[in-house]
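Asks: Model the following, please.
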Amino acid sequence: MTDPADFSWLRVMFAFSVVLVLMAGLGWVLKYVSARGFILPSKATRMRRMKIVESLAVDTKRRLVIVSCDSHEHLLLIGGQDDIVIAANLPPAPNTNAP
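Replies: Predicted coordinates:
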């Protein structure tokens, strides 16, 4: 017959290992969600209208961003105290990858 003190330590070690495995699993899930984002099924099937085409850092606070909405592109200066529309309704850039 086993000693009750040994049985108690086995239970503690088993519980500790289960907690470590659960923490590792939660860490993996959080890393997955932060890297890929959590997309609900209703949003995944919807067509996106806006996207950031290009972004360029001007300084530590401000960025120049080209935003595409529908078939129009807009150049924005964001950050700092104000956000400014530099140019609206830019023509899309020509596709340089075409043969």
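Asks: Tell me which helix or strand comes right after the helix or strand bottoming out on mean pLDDT in the chain.
Replies: Here the helix or strand of the chain ranked lowest by mean pLDDT, DSSP states H and E is helix 41-45, holding a mean of 56. Next helix or strand after helix 41-45 toward the C-terminus (DSSP states H and E): strand 50-57.
Asks: Name every strand pairing with that next one and say which way it goes.
Replies: When pairing is defined by DSSP bridges, strand 50-57 lines up against strand 63-69 (antiparallel).
Asks: following the partner strand, which helix or strand comes up?
Replies: strand 72-78.
Asks: which residues are in contact with that next one?
Replies: Taking contacts as C-beta atoms under 8 Å, 6 or more residues apart in numbering, the residues outside strand 72-78 that touch it are 53, 58, 62-67, 83-92. Where you see a C-beta, it was placed from the backbone N, CA and C, and this is true even at glycine.
Asks: Buried among those residues? Make that a ChimeraX selection.
Replies: Filtering the contacts of strand 72-78 down to the buried ones (16 or more other C-beta atoms under 10 Å) takes a single ChimeraX command:
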select :62,65,66,67
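Asks: Would you mind listing the residues in contact with residue 83?
Replies: 76-77.
Asks: how much space is there between it and residue 74?
Replies: With distances taken as C-beta to C-beta, to the nearest Å, residue 83 is found 11 Å from residue 74.
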